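Colleague: kindly generate the corresponding structure for this input.
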Amino acid sequence: MTDLAGRHALITGGGTGIGAAIAKALAGAGARLSLVGRRAEPLAAVASRLDQARAITGDVTDAESFARAHEEAVSGFGPVDILIANAGAAESAPFERTDAAMWQRLIAVNLTGVYLSVGVVLPAMREAGRGRIIAVASTAGLKGYAYVAAYCAAKHGVIGLIRALAVETAREGITVNAVCPGYTETPMLERSVAEITQKTGRSADDARRALSAANPQGRLVTPDEVAASVLWLCGDAASAMTGQAIAVAGGEVM
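Modeller: Numbering: from 1, shown residues only. Next comes the predicted model:
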């Protein structure tokens, strides 16, 4: 089993979906958790169910807001040993209807948010000579999907970022990786289903079946499956794993 006793993990977007599942997995391994996000209520709900967990409001797209959240996290549990850069958002539109505002929104939360959060925690990791940085990317960072050009571009950027940073930190006791879920049972997926039904007139069940068909196993991934991969990357057994983008997608990406 992965033992994270005494380690401080900061999870962005830790109030719902994959972030909440990761919080549960890391808490079960003994980690102290700082859950950071824009909405206080879901963060507090997750933190209340876990030992040694704090809910902290902060916005990964705003450097000053996230710096304040980081300071609050450090004041409670000490320097961050593990960063899970999970906060993200998705919107869909044909490329011709992807305006500059949508482009900037998706780049800001999915890519710039990773850059800003890494920049805040990395100096202390370097000083300590150890650390784990894990970005929750997507299979959209490894292939293309129609109607989500901005999302794909942002997630491809995340993969490039973690690979570059992994090389820079390889001799410093720090590993930098990404997990890349396929379509996963989360509130974000439910919003995608609702959007499909609204735009196409298909039923919610038909929309879910269409999304499941992308997975060769013919199903949706669960948040706990993604969390299990993240948990392993946090542990000492994964010390030789860095610069990797691990698909959790039932064989969709090989």
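
Colleague: helices or strands up against the longest helix anywhere in the chain?
Modeller: Criterion DSSP state H: the longest helix present in the chain is helix 149-169. Judged by 3 or more C-beta pairs under 8 Å, 6 or more residues apart in numbering; DSSP states H and E, helix 149-169 is in contact with helix 100-107, helix 113-128, strand 131-136, strand 174-181, strand 245-248. Glycine gets a C-beta too; all of them are placed from N, C-alpha and C.

Colleague: how much space is there between the closest residue to A21 other than its chain neighbours and D59?
Modeller: Distances taken as C-beta to C-beta, 6 or more residues apart in numbering place P223 nearest to A21, at 3.5 Å, with adjacent residues excluded. Distance, P223 to D59, by C-beta to C-beta, to the nearest Å: 23 Å.

Colleague: can you check R163 too?
Modeller: 26 Å.

Colleague: neighbour-wise, which of the two wins?
Modeller: D59 (20 against 16; other C-beta atoms under 10 Å).

Colleague: how about the contacts made by the residue nearest to A21?
Modeller: Going by C-beta atoms under 8 Å, 6 or more residues apart in numbering, P223 touches 17-18, 20-22, 184-186.

Colleague: which residues does the closest residue to G131 other than its chain neighbours contact?
Modeller: Among residues not flanking G131 along the chain, M125 sits closest, at 3.0 Å (C-beta to C-beta, 6+ apart). By C-beta under 8 Å, 6+ apart, the residues touching M125 are 79-81, 131, 133, 169, 172, 174.

Colleague: in the protein, which spans are strands?
Modeller: 8-12, 32-37, 53-57, 82-85, 131-136, 174-181, 245-248 (DSSP state E).

Colleague: okay, these in a markdown table with mean neighbour count and distance to K199 next?
Modeller: What follows is those, written out as a markdown table (neighbours: other C-beta atoms under 10 Å; distance: least, C-beta to C-beta, whole Å):
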| stretch | mean neighbour count | distance to K199 |
| --- | --- | --- |
| strand 8-12 | 27 | 30 |
| strand 32-37 | 29 | 28 |
| strand 53-57 | 21 | 33 |
| strand 82-85 | 27 | 30 |
| strand 131-136 | 27 | 26 |
| strand 174-181 | 25 | 23 |
| strand 245-248 | 22 | 27 |
